[in-house]
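[1] this one's sequence-less:
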């Protein structure tokens, strides 16, 4: 059924987002999602193998590492440190990192002020550059 729902979209890749823990990455991949967007802070060790399998199969990750509501932002490299650490732990090739991971807010920015939303998105760009410039 999920494959049928995702198959309705025929123009470009499908990205599925979940703010919940235990995102069924393998199911979403099998159903046809080209990318999965998730709150990176909710990942646990038991998610790691599934993430590695998804990335190796070509699924992109939209790693929600930037808070979605107003608050202080860490330095961009600090925001993606967990992504780098996970990548190393999984033994994935560092040069794949910039192409396989998109840095995003943890969830939608509907609860954020307009000023913070702009700051958060600019922070995502700087954090993504940090990953591309120094994937290790």
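    Good, I have the coordinates. Owing to the predicted nature of the structure, the values given are computational and were not obtained by experimental measurement.
[2] In stretch 70-79, which residues are buried?
    73, 76, 79 (16 or more other Cβ atoms under 10 Å). C-beta: built from backbone N, CA, C; applies to glycine.
[3] So which elements touch the helix or strand hosting residue 84?
    Per DSSP states H and E: residue 84 is located in helix 81-90. Packing partners of helix 81-90 (3 or more Cβ pairs under 8 Å, 6 or more residues apart in numbering; DSSP states H and E): helix 45-56, strand 60-66, helix 97-100.
[4] most packed of those?
    Mean neighbour count, computed with mean count of other Cβ atoms under 10 Å, is highest for strand 60-66 among the helices and strands packed on helix 81-90, reaching a mean of 23.
[5] That strand - contacts with which helices or strands?
    Against strand 60-66 (3+ Cβ pairs under 8 Å, 6+ apart) you get strand 15-18, strand 35-39, helix 45-56, helix 81-90, helix 97-100, strand 101-105, helix 114-133.
[6] Would you agree residue 58 falls within a strand?
    No - judged by DSSP: H, G, I helix; E, B strand; the rest coil, residue 58 forms no part of a strand; its state is coil.
[7] how much space is there between it and residue 28?
    Residue 58 sits 13 Å away from residue 28, going by Cβ to Cβ, to the nearest Å.
[8] Between these two, point out the one with more neighbours.
    Using other Cβ atoms under 10 Å, the more surrounded residue of residue 58 and residue 28 is residue 28, with 22 against 10.
[9] Now render the helices and strands packed on helix 81-90 as JSON lines, adding distance to residue 24 and mean pLDDT.
    Output for those, formatted as JSON lines (distance: least, Cβ to Cβ, whole Å; pLDDT from 0 to 100):
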{"stretch": "helix 45-56", "distance to residue 24": "8", "mean pLDDT": "92"}
{"stretch": "strand 60-66", "distance to residue 24": "14", "mean pLDDT": "97"}
{"stretch": "helix 97-100", "distance to residue 24": "19", "mean pLDDT": "92"}
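[10] Columns distance to residue 119 on top of these, output as a markdown table?
    As requested, these are exported to a markdown table (distance: least, Cβ to Cβ, whole Å):
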| stretch | distance to residue 119 |
| --- | --- |
| helix 45-56 | 28 |
| strand 60-66 | 9 |
| helix 97-100 | 22 |
